[in-house]
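**Q** dropping a prediction and its sequence here:
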Amino acid sequence: MKQAVTLKLRITLTSEDALLLQETMRQFALGCQLVSQYVFDHEFVLDQYALHEALYRQLRTESGLKAQMAQSAIRLVVGNYKTVQTQMKDEPYTFRDRYTGAWTRCPRDLTWLRQPLQYRKPQLKLVRNRDWSWLQDGRMSLNTLAKRIRVTPHVQGFEQYLTPDWQLGTATVVRNGGHYCLHVAAIKEFPDVDRSQVQDIVGIDRGLRFVLVTHDTAGHTNFVSGKAIANKRAKYDRLRQQLQRKHTKSAKRRLGRLSRRENRWMSDVNHCLSKTLVANASP
């Protein structure tokens, strides 16, 4: 059994290196958009070898991407289109045409897309030991279009995942609130669970009216009401609507702070619920 987690490491870098990294992220997004447009214009061809033959040199010349980055851009776009394709096969939905007003059922493939997938936000995928690696002094080496840069990661709280037992993979560079973060995939192999030794099983259901409902084999049922959470989220929604009507720079900055505050609060609520659930289920 494999367990996969994502390490969200905030990184510290100089202003010069930040400009290099930002430009690399912007060019990578442009490269992804180029691949997405090609896939859309050529009947959603998702064969990675065919896309490599058609776009590799164009990605290297127009976007200036390095060899591994060009491959990562193709792989990312193909994966995103395949995800959308899988979702449409599982749950096709209907939409209303804004011109005729008629409701139309989407087919179970990608032909319902009226425009290619968009990659407007700067982003970057880095492959382990090719585009990023650990240095002996504890820093990380990241690849950019101009040169490799050295950054300092904040690993506090993630030390247990930085051992030889965990296999680190592709990293995603994101920018949030003026800070750069590295999202690193980590996988570890665990022995399969022997079900004969399991003494108690807890069933969990999450919703809106009751944010958490549990039932165990002993017949104990717990309900956690979501009324207070819904009221607070409604308050955030009303405040967000008021700020959006202003259309000022200060209002936009306030919206960003408000969004991050709501995310932190909701993350803390989910963390507290999960800790309480584990504590109650433990013998």
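**A** Done, it's in. In this text, all values refer to a predicted model and were calculated from it rather than measured experimentally.
**Q** C-alpha only now, for contacts and for neighbours.
**A** OK.
**Q** could you list the low-pLDDT ranges of the stretch 51-200 of the chain?
**A** For the stretch 51-200 of the chain, the stretches flagged by pLDDT under 70 are 89-109, 111.
**Q** quick one: the strands in it?
**A** Counting by DSSP state E, counting those that start in this stretch, the stretch 51-200 of the chain has strands at residues 94-96, 103-105, 124-126, 132-134, 140-143, 148-154, 167-176, 179-189.
**Q** ranking these by burial, who's on top?
**A** Of these, the one with the most neighbours on average (mean count of other C-alpha atoms under 10 Å) is strand 124-126, at a mean of 24.
**Q** quick one: which of the strands of the stretch 51-200 of the chain is nearest residue 247?
**A** Minimum separation from residue 247 across those (C-alpha to C-alpha) falls at strand 167-176, 21.4 Å.
**Q** tell me the gap between the closest one and the middle of its chain.
**A** 10 Å (C-alpha atoms, centre = their mean, to the nearest Å).
**Q** that older thread, out of the strands of the stretch 51-200 of the chain, which comes closest to residue 8?
**A** If we rank those by C-alpha to C-alpha, the stretch that ends up nearest is strand 179-189, at 4.6 Å.
**Q** show me what the closest one is packed up against.
**A** strand 2-12, strand 167-176 (3 or more C-alpha pairs under 8 Å, 6 or more residues apart in numbering; DSSP states H and E).
**Q** which ones are touching the closest residue to residue 5 other than its chain neighbours?
**A** Nearest residue to residue 5, sequence neighbours excluded (C-alpha to C-alpha, 6 or more residues apart in numbering): residue 186, at 5.4 Å. Taking C-alpha atoms under 8 Å, 6 or more residues apart in numbering as the contact definition, residue 186 lies against 4, 5, 6, 7, 161, 166, 167, 168, 169.
**Q** what is the nearest of these to residue 28?
**A** residue 169 (18.8 Å).
**Q** please enumerate the helices of this structure.
**A** 15-41, 48-58, 67-90, 227-246, 249-281 (DSSP state H).
**Q** what's the local residue count around residue 131?
**A** Neighbour count for residue 131, taken as other C-alpha atoms under 10 Å: 18.
**Q** need the contact list for it.
**A** 68, 141, 142, 143.
**Q** distance of it from residue 60?
**A** 16 Å (C-alpha to C-alpha, to the nearest Å).
**Q** what of residue 29?
**A** Distance from residue 29 to residue 60, by C-alpha to C-alpha: 13 Å.
**Q** who's more crowded, those two?
**A** Just comparing residue 29 and residue 60: by other C-alpha under 10 Å the higher neighbour count belongs to residue 29, 22 against 15.
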